[in-house]
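>>> Sequence and predicted model, in that order:
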Amino acid sequence: MLHHVELWVPDLARAEATFGWLFPELGWTEHQRWDAGVSWKHGRTYVVVEQSPAMTGPHDRMKAGLNHLALHAGNRAEVDRLTELAQAHGWTLMYAHKHPFAGGPAHYAAFLENEDGFEVELVAG
């Protein structure tokens, strides 16, 4: 089982505007908060978003490292609802021409990206 994931971000307030909206919508609750970060927990797993002074450059999902987080998002109607609302909370729909089957004909999901290049995949089922 995954224990936690830590994402270093260039701007905590901007990251919190996107992740801080999304995680509660998916049933995650705020777990920890400090001056440079915040985390959300679901079950025993949590995700940390931190503005670290040790960060050396911007996130690039196309380079080695984290490409995206894939998250369970409920049924297809819930994925559709979240996809629509996400765009008002700093997320951009990726692969719009293939949505909601960008992951293949049997994979119903929304691929979203925020201003800092972090991608989340909201998966139905």
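Okay, I see it.
>>> Show me where this protein has its helices.
12-25, 76-86 (DSSP state H).
>>> tell me, how many neighbours does the residue lying closest to Val9 once chain neighbours are set aside end up with?
Using Cβ to Cβ, 6 or more residues apart in numbering and skipping residues adjacent in sequence, the residue nearest Val9 is Ala15, 3.9 Å away. (Each C-beta comes from the backbone N, C-alpha and C, glycine too.) Neighbour count of Ala15, defined by other Cβ atoms under 10 Å: 24.
>>> In this structure Ala15 contacts Leu22, no?
No. With contact defined as Cβ atoms under 8 Å, Ala15 does not reach Leu22; the gap is 10.6 Å.
>>> Just the pLDDT for the closest residue to Pro100 other than its chain neighbours.
Spatial nearest neighbour of Pro100, excluding adjacent residues (Cβ to Cβ, 6+ apart): Tyr108 at 5.1 Å. pLDDT recorded at Tyr108 is 98.
>>> Contact partners for Tyr108?
Arg76, Val79, Pro100, Phe101, Val123, Ala124, Gly125 (Cβ atoms under 8 Å, 6 or more residues apart in numbering).
>>> Does the second one touch Ala124 like I think?
Yes. When contacts are counted by Cβ under 8 Å, Val79 is listed as touching Ala124 (4.5 Å).
>>> and Gly57, how many residues sit next to it?
Using other Cβ under 10 Å, the number of residues around Gly57 comes to 8.
>>> Would you quantify the distance from it to Gly65?
Using Cβ to Cβ, to the nearest Å, Gly57 is found at 11 Å from Gly65.
>>> ok so, going back, just checking, which of the helices of the chain sits deepest inside the structure?
Stretch with highest mean neighbour count among the helices of the chain: helix 12-25 (a mean of 18; mean count of other Cβ atoms under 10 Å).
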